[in-house]
Each structure stands twice: as structure tokens, then as C-alpha cells.
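**Q** I would like the atomic coordinates for the input below:
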Amino acid sequence: MRANAGPKRDEVSLARLKRMRADEIRALLAGDPAEALPWVRLAADHGLPEAQNRLGRMLLDGAGAAKDEAAALGWFKTAARSGDGDAMNMVGRCCENGWGTARDLAAAADWYRRSAATDHDWGRYNYANALFDGLGVPRDREAAVALYRLAADQGHGRAMNLLARCSEEGWGTDKDPAAAAEWYRRSAETGYFRAQFNHATILMAVGRVELAGAGVAKAAEGGNAAIRGRIAGDLMGYSD
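**A** Numbers count the residues shown, from 1 in each chain. Presented below is the predicted three-dimensional model:
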């Protein structure tokens with residue numbers, strides 16, 4: 001369904017929007033982009049952070065609306081001012097990647113930090129990455145590991161994989177092969193292809209070839225051509 005044009009029709013649509021339950025609003029805003037756009041704009045214009053964030057993503061991707069990175073960033077910042085952790089994370093991504101603004105790693109790290117402070121899993125993961133590599137902030141791998149752990153405990157598959165890598169290599173924490181294997185396994189179960197490959201290499205090393213092969217197949221299916229080539233090379237003992 002579409003919101004009709006005109007002030008009076010917008011008032012009717014807004015009144016209907018206000019009567020909806022939270023789950024109904026989420027379903028409406030998350031629908032087909034072209035169909036959802038009038039509702040998303042209406043809700044965003046009237047201060048709903050979830051709609052502001054959704055509109056930002058639509059403008060960033062050119063989904064249901066003309067691609068406009070600067071406008072997308074504007075909506076993310078509007079939602080972020082209300083304390084929305086997801087929007088703060090997206091402002092950080094825009095600053096990190098130069099979407100709609102000049103690339104600014106220090107600003108990106110600060111937005112990720114603010115998102116992480118709301119307990120947002122992606123904010124924690126991205127701020128951990130900034131700390132781990134010293135991108136826009138001083139390098140602090142112990143703090144990065146702590147954030148990876150918090151995000152991993154929330155079910156964030158990529159954070160689980162990096163927590164495993166840190167445990168395997170002793171980056172920012174003590175080496176712990178058993179913990180690394182467990183976190184790779186848990187990450188792999190989320191469907192993250194890098195973890196599926198990492199877990200498969202551990203299985204291969206202990207002779208569980210059949211299970212390792214299944215993990216490699218899943219990793220290859222989820223990765224791109226370059227990743228598939230690397231997987232094949234690593235398993236055969238050479239690099240591509």
C-alpha cells in the first residue's frame with residue numbers, strides 16, 4: 001500500500017501510522033523498498049529513528065530511491081541524535097568509507113565508539129577493528145579483544161571469528177587454541193564463510209577430513225572467486 005500525496009492524506013496516513021503496533025511499523029518499513037518508500041519518508045519526517053535509519057540505507061544503496069550518499073548520511077546523523085546505535089554505526093561507516101563525506105578515520109572511530117556505548121553489536125565490532133589496527137585511534141588490542149568478546153556474546157559471527165583469531169595468535173590476549181577452535185566453530189555456525197574455512201582447517205589438522213571438506217564447501221559457496229581460489233590453494237599447501 002502507498003501513502004497518498006497531499007497534506008490531508010499525509011495527516012490520515014500519519015494517524016494510521018501512530019495507531020500501529022511496533023511490530024506492524026517494523027514490517028511496513030522493512031517491506032519492498034519501492035512500496036515502503038512513502039511510508040518510510042513520512043515516518044522519517046515525523047521523527048521515527050527506525051524510519052530515518054531505513055531511509056538512510058535506502059538512499060545509500062539506491063534501493064527504492066535515487067542513490068544519494070550525502071542525503072543518506074544526513075538521515076543517519078538525524079537518527080543518531082536520538083541515540084540510535086545502529087545509526088551511529090552507519091555514520092561511522094560513512095566516515096570510514098567516504099560515503100557522502102570526506103573520509104575521516106578519527107571521526108569514524110568516534111562514531112563507532114558512541115555506537116558501541118549503546119551496546120550495538122556492529123558498533124562494538126567496528127570500534128574493535130579500529131582499536132585493533134589503530135585506525136583513527138591509538139592501537140589497543142586488549143581493548144579490541146574485549147569488544148570482540150562482547151559482540152561475540154551477542155551472536156555476532158564476524159566478531160566470533162576475530163576473537164578466535166586473536167586467541168589463536170595471542171593478539172591482545174593469551175594464546176588459547178581450544179578457545180580459538182570453539183569460537184571458530186560458533187562463528188562458522190552463523191554462516192560466516194571465513195570462519196567456516198578457519199574451522200575446516202582446524203578439523204583437517206586433527207584428521208577430521210570429512211567434516212573439514214563440508215566446511216570448505218560451505219566457505220567456497222559463500223565466498224567470491226578470489227576467496228575460493230585462496231581456499232583451494234591453502235588446502236593444497238600453496239598460495240594463489
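**Q** Select the helix or strand of the protein having the lowest average pLDDT value.
**A** For the chain, the helix or strand with the lowest mean confidence is helix 209-222, at a mean of 50 (criterion: mean pLDDT, DSSP states H and E).
**Q** Is Tyr184 in contact with Ala195, as I believe?
**A** Yes: counting by C-beta atoms under 8 Å, Tyr184 does reach Ala195; the two are 5.4 Å apart. For the C-beta atoms, the positions are set from N, CA and C on the backbone; glycine is no exception.
**Q** so what sits against both of the two?
**A** 160-161, 164 (C-beta atoms under 8 Å, 6 or more residues apart in numbering).
**Q** Give me the subset of the residues you listed lying in helices.
**A** Counting by DSSP state H, the shared contacts of Tyr184 and Ala195 place 160-161, 164 in helices.
**Q** Next, work out how far apart the residue nearest to the spatial centre of the chain and Ala179 are.
**A** In the chain, the residue lying closest to the centroid (C-alpha atoms, centre = their mean) is Trp122, at 4.9 Å. When distance is defined by C-beta to C-beta, to the nearest Å, Trp122 is 23 Å away from Ala179.
**Q** what ranges do the helices span in this structure?
**A** Under DSSP H, the chain gives helices at 7-19, 22-29, 33-45, 49-61, 69-80, 85-97, 105-116, 121-133, 141-153, 157-169, 177-189, 193-205, 209-222, 225-235.
**Q** Confidence-wise, which of these is weakest overall?
**A** Mean pLDDT per stretch puts helix 209-222 lowest among the helices of the chain, at a mean of 50.
**Q** before we move on, back to that, with neighbour count as extra columns, can I get the ones in helices among the shared contacts of Tyr184 and Ala195 in JSON lines?
**A** Shown next, in JSON lines, are those (neighbours: other C-beta atoms under 10 Å):
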{"residue": "Met160", "neighbour count": "28"}
{"residue": "Asn161", "neighbour count": "26"}
{"residue": "Ala164", "neighbour count": "28"}
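**Q** between those, which is nearest Ala151?
**A** Met160 (8.2 Å; C-beta to C-beta).
**Q** what's the closest non-adjacent residue to that closest one?
**A** Ser187 (3.6 Å; C-beta to C-beta, 6 or more residues apart in numbering).
**Q** thinking again about what came up before, out of the ones in helices among the shared contacts of Tyr184 and Ala195, which is nearest to Val137?
**A** Asn161 (21.8 Å).
**Q** Am I right that the closest one is in contact with Ala195?
**A** Yes: taking contacts as C-beta under 8 Å, Asn161 lies within contact range of Ala195: 4.1 Å.
**Q** Overlap in contacts, the two.
**A** With C-beta under 8 Å, 6+ apart, Asn161 and Ala195 have common neighbours 184, 187.
**Q** So Arg141 sits against Ala130, correct?
**A** No: assessed by C-beta under 8 Å, Arg141 is found out of contact with Ala130, at 11.5 Å.
**Q** Of those two, which one has the most company?
**A** Each of Arg141 and Ala130 has its neighbours counted (other C-beta atoms under 10 Å); Ala130 has more, 26 against 18.
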